[in-house]
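Q: sequence? don't have it. structure:
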């Protein structure tokens with residue numbers, strides 16, 4: 001993709017006699033929000049100190065000196081020099097590139113095929129996938145797709161919560177109130193019911209906690225019955241999770257959960273001991289992290305039991321050995337930020353400089369009515385139920401708008417599930433947001449269905465045209481109504497690069513909304529299917545929009561139906 005910002009920077013550099021470097025100029029160049037003020041703007045006040053003149057005068061004088069070849073015009077407005085690109089030439093270049101590269105438009109080789117493990121989703125066994133699991137799952141998946149687009153090899157790891165004292169609680173609850181038939185009929189809901197009941201009953205009967213601890217001790221010791229129950233609960237849970245993942249179109253490269261690292265923690269403790277990093281504190285074993293301005297990392301409790309951080313240290317070392325990663329990402333809620341700071345600090349103390357390549361990708365909460373969702377209290381919104389309701393709402397709207405649509409069920413599934421995913425990802429990941437299904441599945445406004453519908457509209461125009469656009473024969477577009485759309489298409493590669501650098505899928509979602517809006521505005525103001533010498537160029541624009549919207553949605557993990 002030609003760098004038009006660089007073209008502006010070079011033009012300014014040639015005119016200012018080396019007062020600033022090209023790189024310094026490029027950093028100062030802005031994109032005016034209003035197209036009437038040009039495509040790029042250079043603020044002349046950055047030269048005021050050096051040239052000892054008023055910025056307005058500098059701007060005026062520089063416009064006289066700037067070589068305007070390749071620009072429609074260059075003008076001074078106050079302290080700014082505004083650059084207007086040659087619309088016909090640039091539209092020809094951008095549309096040709098999009099239609100030549102198609103879905104590969106914006107691809108990069110930055111990653112050199114190096115692996116990037118992404119720890120994501122990670123639900124707890126024997127509990128249903130709730131709306132609380134949505135964020136880690138879809139943010140992680142989108143980041144994986146963005147990494148792949150940039151030439152990395154993502155490794156999606158579902159670090160299942162398949163170990164811990166909660167299994168003791170669940171086994172004791174099953175022993176007291178469970179039935180095999182009930183679990184076989186509806187595994188997850190039955191197991192959740194036992195878990196919630198346990199937490200209600202143990203308020204009055206605290207001895208239940210001791211009994212649960214004994215069950216977990218049996219599991220750790222390899223007791224046959226405890227192991228059988230654990231395996232059964234894990235298998236049934238995975239079947240239920242996979243149903244949800246299939247609907248979201250998400251696959252994993254590894255389901256190695258907490259249990260996988262049980263035999264790998266001793267080595268971590270040994271390394272810490274060898275390096276003299278373990279210290280005793282009130283009977284527990286800790287690593288002092290005061291030089292990092294962090295609380296001590298608790299490695300072993302007074303009873304000798306290891307903790308989450310011990311397991312995560314083992315996981316980090318295993319992943320480095322297995323994948324020799326370029327980066328290792330953990331898509332985990334914001335409330336765990338301190339844990340990951342400790343994890344990186346302990347690895348650094350162990351002499352592992354690759355700890356700098358570990359990144360915690362935090363995110364905010366989904367709330368309902370402003371309240372946090374909680375499994376323990378039974379305030380659970382099941383993800384599968386939300387997807388079902390979203391698909392039903394999408395189907396209603398499809399029936400009303402396009403009752404003769406072929407393959408209505410598949411389209412409703414793509415629109416309903418896509419709406420839920422898109423709504424999550426259009427929110428900046430650190431923000432909390434309240435979930436309102438009616439709002440999410442609307443076909444108007446800043447929603448997934450609106451972007452999908454814009455793509456379907458572009459495909460409909462192309463079907464009516466019955467004409468294939470040859471990328472080698474595209475001419476430039478002179479229609480000023482098309483310029484905003486063309487310019488946005490040209491921004492797609494840099495938008496992807498920013499989303500990757502910031503681990504921020506919302507950058508892509510917001511871009512898709514802007515492109516869809518610009519295209520619909522163009523569609524409303526310009527007749528496209530008119531037989532004249534610009535028809536081919538207009539169809540090239542429509543086809544480019546279809547290509548880029550589809551790819552933007554794909555990078556979010558959302559399908560783009562050709563008809564809606």
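A: Right, received. Where do you want to start? Note that the structure is predicted; figures quoted are calculated from it, not measured.

Q: going forward, measure contacts between C-alpha atoms and count neighbours the same way
A: Fine.

Q: parallel or antiparallel, list what pairs with the worst-scoring helix or strand of the chain on mean pLDDT.
A: In the chain, no helix or strand scores lower on mean pLDDT, DSSP states H and E than strand 371-372, which sits at a mean of 74. Strands that pair with strand 371-372, judged by DSSP bridges, come out as strand 366-368 (antiparallel).

Q: run through who's touching the partner strand.
A: Contact with strand 366-368 is made by 131-132, 135, 372-373, 432-436, as judged by Cα atoms under 8 Å, 6 or more residues apart in numbering.

Q: what is the nearest of the residues you listed to residue 141?
A: residue 135 (9.7 Å; Cα to Cα).

Q: that closest one against residue 424, yeah?
A: Yes - counting by Cα atoms under 8 Å, residue 424 is a contact partner of residue 135 at 6.8 Å.

Q: once you drop chain neighbours, what's closest to residue 99?
A: residue 471 (5.7 Å; Cα to Cα, 6 or more residues apart in numbering).

Q: any idea how far the nearest residue to residue 271 once chain neighbours are set aside is from residue 500?
A: What sits nearest to residue 271 in space, not counting adjacent residues and going by Cα to Cα, 6+ apart, is residue 350, at 7.5 Å. To residue 500, residue 350 is 29 Å away according to Cα to Cα, to the nearest Å.

Q: out of the two, which sits in the busier spot?
A: Taking neighbours as other Cα atoms under 10 Å, residue 350 and residue 500 compare with residue 500 leading, 22 against 17.

Q: correct me if wrong: the more buried one contacts residue 147.
A: Yes - judged on Cα under 8 Å, residue 500 makes contact with residue 147 at a distance of 6.6 Å.

Q: quick one: residues contacting the residue nearest to residue 99.
A: Going by Cα under 8 Å, 6+ apart, residue 471 touches 95-97, 99-100, 540.

Q: tell me the domain boundaries of the chain?
A: 4-85, 115-262+318-366, 383-555 (automatic domain parsing).

Q: could you work out the end-to-end span of the first one for me?
A: When you say that, I think you mean domain 4-85. Terminal-residue distance, domain 4-85 (Cα to Cα): 8 Å.

Q: state the mean pLDDT of it.
A: In this model, domain 4-85 has a mean pLDDT of 94.

Q: so what's the gap between that domain and the chain middle?
A: Offset of domain 4-85 from its chain centre (Cα atoms, centre = their mean, to the nearest Å): 36 Å.

Q: now swap in the last one and tell me
A: From the chain centre to the centre of domain 383-555 is a distance of 18 Å (Cα atoms, centre = their mean).

Q: so residue 252 sits against residue 156, correct?
A: Yes - applying Cα under 8 Å as the test, residue 252 and residue 156 come out as touching, 5.1 Å apart.

Q: looking at the two, which is more packed in?
A: Under the criterion of other Cα under 10 Å, the comparison of residue 252 against residue 156 puts residue 156 first, with 24 against 15.

Q: beta partners of that one?
A: residue 118.

Q: verify the stated contact: it with residue 118.
A: Yes - between residue 156 and residue 118 a contact is recorded at 5.0 Å, counting by Cα under 8 Å.

Q: shared neighbours of the two, anything?
A: 140, 144.

Q: before we move on, the earlier item: same list (the domains of the chain) but as JSON lines, adding distance to residue 292.
A: Formatted as JSON lines, the domains of the chain follow (distance: least, Cα to Cα, whole Å):
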{"stretch": "domain 4-85", "distance to residue 292": "33"}
{"stretch": "domain 115-262+318-366", "distance to residue 292": "7"}
{"stretch": "domain 383-555", "distance to residue 292": "24"}
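
Q: quick one: residue 234 from residue 162, how far?
A: Going from residue 234 to residue 162 by Cα to Cα gives 7 Å.

Q: looking at those two, which one has more neighbours?
A: Neighbours per residue, other Cα under 10 Å: of residue 234 and residue 162, the larger number sits with residue 162, 22 against 18.

Q: many thanks, I have nothing further to ask.
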